[in-house]
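Chemist: From the sequence below, what's the structure:
(one chain, ligands or ions: 1)
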Amino acid sequence: MRQLLIIYHSQGGNTRRLAEAVADGAREIEGLAVLVSTAQQINSEALLACDGLVLGSPEYFGYMAGGVKDLFDRTYETLRGHRRSFVNPTRSSSAPGMTGPEPCGLSNGSAPDFSSKRSRPR
Ligand SMILES: Cc1cc2nc3c(=O)[nH]c(=O)nc-3n(C[C@H](O)[C@H](O)[C@H](O)COP(=O)(O)O)c2cc1C
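Modeler: Numbering: from 1, shown residues only. A predicted model of the protein is given here:
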């Protein structure tokens, strides 16, 4: 069974609710195990073990949340060279002034194709 890992950081609960909504949808896909976790609880091994990754971060002070940045900082050296492709299936508008979480997806190339259940990338 393939594993989708949904990672988020959320101080106020918006991005957590978004992550849970994504998980609810993903659980409808047959043959996919869905794990939801905060960025703080994730390590390199968990990232390498999953087949697909959805990462949700609120925008805090014009940048990704510190908890998500910390995840990148902690895992970068171990994960270097492992990434095979980057997809962005669910990115919401990034128009100037846009507020709120903007999830994006990171796939290692063997992840299931979600495009049949989701709107096409813009
Ligand atoms: C400390 C802090 C800084 C924020 N900075 C920005 C920002 O720079 N740009 C923006 O559009 N929204 C900003 N926001 C709004 C959050 O991105 C928005 O409320 C988001 O939904 C919060 O997600 P959360 O409930 O998962 O923490 C900020 C909110 C907080 C609490």
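Chemist: Going by residue numbers, what spans are helices in the chain?
Modeler: 14-26, 44-49, 66-79 (DSSP state H).
Chemist: Tell me where the chain has strands.
Modeler: 2-8, 32-38, 52-56, 59-60, 63-64, 85-87, 104-107 (DSSP state E).
Chemist: Distance to the ligand and mean pLDDT added to these, as a markdown table?
Modeler: Where C-beta positions appear, they are placed from N, C-alpha and C, glycine not excepted. Below are the strands of the chain laid out as a markdown table (distance: least, Cβ to the nearest ligand atom, whole Å; pLDDT from 0 to 100):
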| stretch | distance to the ligand | mean pLDDT |
| --- | --- | --- |
| strand 2-8 | 7 | 97 |
| strand 32-38 | 11 | 98 |
| strand 52-56 | 8 | 95 |
| strand 59-60 | 4 | 97 |
| strand 63-64 | 7 | 96 |
| strand 85-87 | 22 | 48 |
| strand 104-107 | 15 | 43 |
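Chemist: and those strands as a markdown table, adding distance to Thr75 and mean neighbour count?
Modeler: Formatted as a markdown table, the strands of the chain follow (distance: least, Cβ to Cβ, whole Å; neighbours: other Cβ atoms under 10 Å):
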| stretch | distance to Thr75 | mean neighbour count |
| --- | --- | --- |
| strand 2-8 | 11 | 21 |
| strand 32-38 | 13 | 16 |
| strand 52-56 | 11 | 24 |
| strand 59-60 | 20 | 14 |
| strand 63-64 | 14 | 15 |
| strand 85-87 | 15 | 12 |
| strand 104-107 | 12 | 20 |
